[in-house]
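**Q** 3D model of this:
(one chain, ligands or ions: 1)
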Amino acid sequence: MAKEVVIIGGGIGGIYVLRNLLAKKGEVKEGMHLTLIKREKSGWVSVCGLPYALRGWYEIDRTEINKPQFFLDQGVDFRTETEVVQISVEESMVTLDTSEVLRYDYLVIATGRKPSVPAVVGEAKLEGVYTFNNEDDARKIEAAMNAEGVKNAFVRGRGINGLQAAVAFATKGLQTTLLGGPPSLLPSCLDPDMGDMLKEWLEKQGIRFILERKLLTALKGDGGRLKSVVVGDEEIPADIAVIAVGADPNTELASNAGIDTGEYGGIVTDKGMHVQRSGCSINNVCALGDCVEVIDGVTHCSRLSQYASTVVVQAKVIADNILGEVTARPGLYASYEPCISPSVADIGGLLVGSVGVTSEAAAMAGIKTVSGKATKLTKARYFPGAKPLTLKLIFDAYTTKLIGAQMVGESTVAERVNELAVAIYAGITAKELRNMERCYDPSLSLLIDVTIDAAELALGITPVY
Ligand SMILES: Cc1cc2nc3c(=O)[nH]c(=O)nc-3n(C[C@H](O)[C@H](O)[C@H](O)COP(=O)(O)OP(=O)(O)OC[C@H]3O[C@@H](n4cnc5c(N)ncnc54)[C@H](O)[C@@H]3O)c2cc1C
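**A** The predicted structure follows:
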């Protein structure tokens, strides 16, 4: 009899487990029956593409990469606009909002995140106030920012989604104010000195930042529509507001089933991504994505990651393990390694990248650091289009192993994040990084790359100019 695999959630987590299993389905022939259940009516939407749709680069519709029919055609029981209301781990069953009960041999929980909304926002109940978490939110924001008479925009939150919303508003010509908190932007990825470079860049695009310890104390409306916000003792005109103060793991379903959650509210898993109950792994129930906690690759502490780049790796592990069980080939089993969250984003034309820990995260974990920061062009200065890139490298002060990297520039950021992620995984030291040969062609790179300078500065060596 075919093994029943039930996946809850049709975000990147659920869809990538499904895609991995579909890719390998040939290996098990008729041995698996796949069901995916999701609340939205869409197939697979790339939420990562939504910020750029709001900036007008393409239509939101283009982010729906696969329609539901794509999966139905491959024999998947792909259920949209459906909700799982209960999991019974004891009976290996899930109950749907239609009262239907599905039995599973393997269950995958990929229920994602839910945006946190400050009480003052919820209580105001005004039109024109949105979160920025999914396609529905993006459509509402797009309609509101294009409505006639909209002039002023407000964003609460200095993370990537808040910044991307602010950029979209400023690009549209709206007077945009962003309220964050001290000390600077993107604090989970960037040290304040690097965050300030991003801030200066965005200020030139007309975005006003309030990064003091000030509270959003009221949202005021007229006829049920937002008209202004009150920050400290200042009233700021606002026709549209995006609240992007972070997202909590969506774990209610799992918690109600007795599944363990951790310090940051995420589902706790073992290395095989199996969930746990009272610390014991349940071998036929896995979880991944924004609803789970990860172990940090540098500090070895629990935390959230909430990046697509993390989720796709977890999806592979889960699919390999299900396949290993179904085919009785333990050689296929995989384990999820500690996480270093490589990230990159184009924020108003400035590329921002990071991997590993910030100086603050290292300090909180009791790791003493040394760092080196350098700014250099990305190719020979006589080549047209050479642009500056600032790179900060963070090393463990005792071992001098690389534990974090941050950069801002106009090109070569994504590939550098990936290169430095490998260096962190490999335990490369500052001296090894400094003495490593690097490819050179003046149209593409410098003879002495910014990485060498940053490593030398961390070692207290004066770079060669
Ligand atoms: C606007 C935006 C841009 C982003 N850009 C990037 C980027 O450029 N790079 C990057 O690495 N990361 C990015 N991220 C983060 C990345 O998108 C997330 O880490 C990823 O989408 C998480 O996927 P997920 O499947 O865990 O959760 P989600 O995408 O939240 O999906 C959860 C799914 O579970 C379903 N669900 C929940 N509860 C139930 C239930 N009871 N019954 C049925 N279905 C249920 C939901 O309907 C949904 O389908 C971005 C996030 C956002 C919001």
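**Q** what about the longest helix in the protein?
**A** For the chain, the longest helix by residue count, based on DSSP state H, is helix 308-326.
**Q** For Gly159, list the residues it contacts.
**A** Neighbouring residues of Gly159 by C-beta atoms under 8 Å, 6 or more residues apart in numbering: Leu186, Ser188, Ala244, Val245, Gly246. In this view, the C-beta of every residue, glycine as well, is placed from N, C-alpha and C.
**Q** rerun at 7 Å
**A** Gly159 makes contact with Leu186, Ala244, Gly246 under the criterion C-beta atoms under 7 Å, 6 or more residues apart in numbering.
**Q** And Gly348, by the same measure?
**A** Under the criterion of C-beta under 7 Å, 6+ apart, the neighbours of Gly348 are Val167, Trp201, Leu202, Gln205.
**Q** same check, this time on Glu235
**A** Taking C-beta under 7 Å, 6+ apart, we find Glu235 in contact with Ser228.
**Q** Repeat that for Gly427.
**A** Neighbours of Gly427 in contact, by C-beta under 7 Å, 6+ apart: Lys401.
**Q** Point out the residues in the chain that sit beside the ligand.
**A** Within reach of the ligand by C-beta under 6 Å from any ligand atom, the chain has these residues: 8-14, 37-40, 47-48, 50-51, 83-84, 110-113, 132-133, 161, 250, 253, 289-290, 306-309, 311, 345.
**Q** Quick check: strands, which of the residues you listed are part of them?
**A** Ile8, Ile37, Val84, Arg113, Ala345 (DSSP state E).
**Q** Pull the most distant pair out of those.
**A** Maximum pairwise distance among these (C-beta to C-beta): 31.9 Å, between Val84 and Ala345.
**Q** Would you list the phi and psi of Glu432?
**A** Glu432 adopts backbone torsions of phi -60, psi -40, taken as degrees, to the nearest 10.
**Q** Tally up the residues packed near it, please.
**A** 15 (other C-beta atoms under 10 Å).
**Q** measure it to Gly289 for me?
**A** Using C-beta to C-beta, to the nearest Å, we find Glu432 at a distance of 34 Å from Gly289.
**Q** go on, Ser443?
**A** Ser443 is 40 Å from Gly289, where distance means C-beta to C-beta.
**Q** element containing Lys392?
**A** strand 388-396 (DSSP states H and E).
**Q** what angle do the very next helix or strand once past that strand and strand 388-396 make?
**A** Following strand 388-396 in sequence order, the next helix or strand is strand 402-409 (DSSP H and E). Strand 402-409 and strand 388-396 are oriented at 170 degrees to each other (axes from the mean of the first three to the mean of the last three C-alpha atoms, to 10 degrees).
**Q** Tell me the helices and strands packed up against strand 402-409.
**A** Judged by 3 or more C-beta pairs under 7 Å, 6 or more residues apart in numbering; DSSP states H and E, the packing partners of strand 402-409 are helix 192-203, strand 350-356, strand 388-396, helix 413-426.
**Q** need the contact list for Leu186.
**A** Leu186 makes contact with Arg158, Gly159, Ile160, Gly195, Leu198, Val352, according to C-beta under 7 Å, 6+ apart.
**Q** Could you report the neighbour count for the first one?
**A** Other residues within reach of Arg158, judged by other C-beta under 10 Å, total 26.
**Q** How about the one 5 residues further on?
**A** Residues lying near Leu163 (other C-beta under 10 Å) number 27.
**Q** Ok, Arg55 next?
**A** Number of residues near Arg55 (other C-beta under 10 Å) recorded here: 19.
**Q** Quick check: the nearest residue to Glu263 once chain neighbours are set aside vs Ala287, distance?
**A** In this structure, Glu263 finds its nearest non-sequential neighbour in Ser302, 5.5 Å apart by C-beta to C-beta, 6 or more residues apart in numbering. For Ser302, the distance to Ala287 equals 14 Å [C-beta to C-beta].
**Q** what sits against the closest residue to Leu211 other than its chain neighbours?
**A** What sits nearest to Leu211 in space, not counting adjacent residues and going by C-beta to C-beta, 6+ apart, is Gly180, at 4.8 Å. Gly180 sits next to Gly157, Arg158, Phe209, Leu211 when contact means C-beta under 7 Å, 6+ apart.
**Q** let's see it at 10 Å
**A** 155-159, 162-163, 186-187, 195, 199, 209-212, 214, 245 (C-beta atoms under 10 Å, 6 or more residues apart in numbering).
**Q** just to revisit the earlier point, restrict the residues of the chain next to the ligand to the buried ones and give me that as a ChimeraX selection.
**A** For the buried members of the residues of the chain next to the ligand, the matching ChimeraX selection, counting by 16 or more other C-beta atoms under 10 Å, is:
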select :8,9,10,11,12,13,14,37,38,39,40,47,50,51,84,110,111,112,113,132,133,161,250,253,289,290,306,307,308,309,311,345
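**Q** ok, Arg329 - how many residues close by?
**A** Neighbours of Arg329 (other C-beta under 10 Å): 12.
**Q** now Ser116
**A** 14.
**Q** Which elements pack onto the longest helix of the chain?
**A** If you count contacts as 3 or more C-beta pairs under 10 Å, 6 or more residues apart in numbering; DSSP states H and E, helix 308-326 packs onto strand 3-8, helix 12-28, strand 32-37, strand 106-109, strand 280-287, strand 343-347, helix 413-426.
**Q** and among those, the most buried is which?
**A** Comparing these by mean neighbour count (mean count of other C-beta atoms under 10 Å), strand 106-109 ranks first with a mean of 27.
**Q** Give the buried residues for the longest helix of the chain.
**A** Neighbour-count burial for helix 308-326 flags 308-326 (criterion: 16+ other C-beta under 10 Å).
**Q** ditto for stretch 142-151
**A** Neighbour-count burial for stretch 142-151 flags Glu142, Ala144, Met145, Val150 (criterion: 16+ other C-beta under 10 Å).
**Q** Average pLDDT for stretch 327-335, rounded please.
**A** Taken as a whole, stretch 327-335 has a mean pLDDT of 86.
**Q** List the buried residues for that stretch?
**A** For stretch 327-335, using 16+ other C-beta under 10 Å, the buried residues are Thr327, Leu332, Ala334.
**Q** on that earlier part again, which ones among the contacts of Gly180 map onto strands?
**A** Those of the contacts of Gly180 lying in strands (DSSP E): Val155, Arg156, Phe209, Ile210.
**Q** what separates the third one from Val155, distance-wise?
**A** It stands for Phe209. Counting by C-beta to C-beta, the separation of Phe209 from Val155 is 10 Å.
**Q** Between those two, tell me which one has more neighbours.
**A** Val155 (29 against 20).
**Q** Was I right to think Tyr465 contacts Asp453?
**A** Yes. Shown here, Tyr465 and Asp453 form a contact pair, counting by C-beta atoms under 10 Å, at 8.8 Å.
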